[in-house]
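# 3D, please:
(chains A and B)
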Amino acid sequence: MLALWGALLWIGIARWERVLAAPSGAWDHRVAFATWILAIITLCGGSILQERRIHESRTMKGVGQWSLAWMAFRKSHVAVGAAITVMVFYLAALLTPFLAPFDPAVQGSLITERMLAPSLTHPLGTDQFSRDVLSRVLYGARISLTIGFVAVSISMTIGTVLGAVSGFAGGRLDSLIMRFVDMVISFPRLVLLIAIIAFFEPSIFLIVAVIGLTQWPQPTRLVRGEVLSLREREFIQAGKALGLSKTRLVLRHLIPNTMAPVIVAATLGIGDTIVLEAGLSFLGLGVQPPTASWGTMVADGRDNLLGAWWISTFPGLAIVLVVLSFNLAGDGLRDALDPRLRS
Amino acid sequence: MVIQTEPAPLLSVRNLRKYFPITGGILPRARAFVKAVDGVSFDLHRGETLGLVGESGCGKSTTGKAILRLIEATEGEIYFDGTDVRAMGSSALRRLRRRAQVIFQDPFASLNPRMTVGQMLDEVLKVHKLAGDRSGRRQRIRELLDTVGLLVESEDRYPHEFSGGQRQRIGIARALSVEPDFIVCDEPVSALDVSVQAQVINLLSDLQERLGLTYLFIAHDLAVVEHVSDRVAVMYLGRIVETAPVRSLYTEPKHPYTRALLSAVPRPEPRRDHRHGRIVLEGDVPSPVSPPSGCPFHPRCWHPLKDDACSRVTPPLESVGENHAAACIKLSRDVELPPKTG
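Numbers count the residues shown, from 1 in each chain, chains lettered A, B, ... in the order given. Got it, this is the predicted structure:
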């Protein structure tokens, strides 16, 4: 909490010029500005609420399944730590225009600033084009985290809807959807990705779309399985007997009850997607230079791994840290959301 | 068939059948059928409680669900207040949903774990446009909770915060929210502790008296059924084998299966009641996929007059007394109970 306050204040003081210019600047600067303001408001609001909660006596309010899960989640220090790491990465990605010491695409003097070892001016060194590695890692975070989040959101949405429909409707529609799922799964995903990307001009949008649109079969199966077992549960039968419409049953009763495994799958899925995107970028099929992406940066530095180890190592570490955090947070979520593992 | 001289029944079921197909193999075609309900007929009058008893898997619950169209019957007729339930379109079915409700066995599975009690009841009131605006609905929810003996504060709580008996009360409140005439109670107390069972049963009886409800009470506990029912129908392997007013069924059971069932009811003082022999049935309930020919009960029947005819003739439900019918071809000659065992 204190560290976050410190970071936000530091931005306000050390980067005051950029903060002031941000509202009228480029869209990413505006987003960063909004994030900064929001973070400060949230922090203030949070501490006020906490203060009040201590004074207020507990009222007669039900404790929902989500609050229960949150209480269980909080008990796992590893998972909480991982979740905080993930949030710090996302915050850093959003605040990058304020945090980054240099422009990630601007090349310094190729003679005096090329492949400098980490120092005070360049905390993570510079690469073979004399660009600041820290700034590029920060800008790369935006790409990797955005692609991970958006692609997984797309696939989870498609998967949840198709899975719920498939499981609830049954019969022919179910067979049709599931055979289609089998077909998509049977296709080697990486080959499909490479083929599509080779066919079109590589861009962030294409990568997000392609990854998102090839990942939906897994959540579809997951949700369908959940729905198949929930459908026979008596509360669905009771809903039917009470005359609730099918749409209402699916949207209000089935889908909310399948959300726990979907959230776990999504958390783990973001980790996988970041690795996948890094892999594609490493192969040169992902985000195109000069845009910084962790995968491209690792690829850029591999020729100089012995002489300038920092070029590849820091983006590589970032990938490892983020993916590990997502996986640990996902595991923690699974434990917290599974009522069988809860006392 | 029971001979009825009273006014038209609220619910009338004729020759109801439900066969579940067993699919498998390469072709998506039914290879065999589970004959869960195989020709069930009965009448249920307003304000009356019909107890439906039988072993697990005999088709009691399936019958209840088919009546409410929670599953589609394969064959037969269901008339609810003179209307053919099986022919109902969606709007007629919606009207039926307001008049016929269900209470389930498992109070842990029958409530949506992600909704508060208030949200659950509010949803039903909203969908059926009952109790008017928001404040009216809130009023009604409090009324309903009060009716089933729950605190009004319960409305903001989630199902997992209640005990089994309380959850069953929530289930009852939900069923009552549409102001039904008829409720299928599908083993409503089987999952509860004995002391809680009594509370829930008393609640159901009170509600019946106050609101003039009609119950189809499905259970396997004969003592519970004896307490709540006006009439009882005993099912075996998808068929009703005996039906009678509760009194005569418990004092003079006719069908050998009913007798065996009743002899298995635990008695508070077994030593004093030692005149009653315990009829122990041999073997298991046959598979409803290929039920025995003739009388479905004949392979396990202990009746001393059992003979070849039993495996050939499917016995019809025949009147054996006032409102009392049984399906057994050997009923004309009463016999002594077999010697007691144990």
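
# Start and end of stretch B:19-32, how far apart?
Taking Cα to Cα, to the nearest Å, stretch B:19-32 runs 9 Å from one end to the other.

# Tell me, how many residues neighbour B:E123?
A count of nearby residues for B:E123, using other Cβ atoms under 10 Å in any protein chain shown, gives 21. For glycine as for every other residue, the C-beta is placed from the backbone atoms N, C-alpha and C.

# do B:I172 as well
B:I172 has 25 nearby residues by other Cβ under 10 Å.

# now do A:L283
Neighbours around A:L283, by other Cβ under 10 Å: 15.

# how near is it to chain B?
For A:L283, the distance to chain B equals 43 Å [Cβ to the nearest Cβ, to the nearest Å].

# So what pairs up with B:D43 in the strands?
B:S12 (DSSP bridges).

# Cross-check the contact I'm expecting between it and B:P7.
No: contact between B:D43 and B:P7 fails when scored by Cβ atoms under 8 Å: they sit 10.8 Å apart.

# Of these two, give the one with the bigger neighbour count.
Taking other Cβ under 10 Å, B:D43 and B:P7 do not tie; B:D43 has more neighbours (20 against 8).

# Tell me the spacing between the more buried one and B:I240.
Here the criterion is Cβ to Cβ, to the nearest Å. By it, B:D43 lies 12 Å from B:I240.

# what's the neighbour count on the closest residue to B:V178 other than its chain neighbours?
Once flanking residues are discounted, B:V178 sits nearest to B:R98: 4.6 Å by Cβ to Cβ, 6 or more residues apart in numbering or on different chains. Counted with other Cβ under 10 Å, the neighbours of B:R98 add up to 17.

# Hmm, B:R98 is touching B:A175, no?
No: taking contacts as Cβ under 8 Å, B:R98 lies outside contact range of B:A175: 11.2 Å.

# buried set for stretch A:316-325?
For stretch A:316-325, the neighbour count (16 or more other Cβ atoms under 10 Å in any protein chain shown) marks A:316, A:318-319, A:322-323, A:325 as buried.

# how about B:Y236, what does it touch?
B:54-55, B:58, B:257, B:285, B:296-297 (Cβ atoms under 8 Å, 6 or more residues apart in numbering or on different chains).

# One more pass at 6 Å, please.
B:54, B:58, B:257, B:297 (Cβ atoms under 6 Å, 6 or more residues apart in numbering or on different chains).

# so who does the second one touch?
Shown here is B:C58, whose contacts under the criterion Cβ under 6 Å, 6+ apart are B:235-237.

# The helix or strand hosting B:S135 and chain A, any residue contact?
In the assignment (DSSP states H and E), B:S135 maps to helix B:134-147. No: counting by Cβ under 6 Å from any Cβ of the partner chain, no contacts exist between helix B:134-147 and chain A, the nearest distance being 13.2 Å.

# Other residues contacting that helix?
So helix B:134-147 is contacted by B:118, B:121-122, B:125, B:131, B:152, B:154-155, B:173, B:176-177 (Cβ under 6 Å, 6+ apart).

# What would I type in PyMOL if I wanted to highlight the buried members of these and nothing else?
Applying 16+ other Cβ under 10 Å to the contacts of helix B:134-147, the buried members can be selected in PyMOL as follows:
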select buried, chain B and resi 118+121+122+125+131+154+155+173+176+177
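
# Where is pLDDT lowest across the contacts of helix B:134-147?
Among the contacts of helix B:134-147, B:A131 has the lowest pLDDT, at 77.

# Find the nearest non-adjacent residue to that residue, please.
B:R140 (3.8 Å).

# Could you tell me how many residues sit around that neighbour?
Neighbours around B:R140, by other Cβ under 10 Å: 18.

# Find the closest residue to chain A in chain B.
When scored by Cβ to the nearest Cβ, chain B has B:R97 as its residue closest to chain A, at 3.2 Å.

# where's the helix or strand that residue falls within relative to the chain centroid, distance-wise?
Counting by DSSP H and E, the element that carries B:R97 is helix B:90-99. Chain-centre distance of helix B:90-99: 21 Å, with Cα atoms, centre = their mean, to the nearest Å.

# what helices or strands is that helix leaning on?
Contact partners of helix B:90-99 among helices and strands, from 3 or more Cβ pairs under 6 Å, 6 or more residues apart in numbering or on different chains; DSSP states H and E: none.

# Next SSE downstream of that helix?
Downstream of helix B:90-99, the first helix or strand assigned by DSSP H and E is strand B:100-103.
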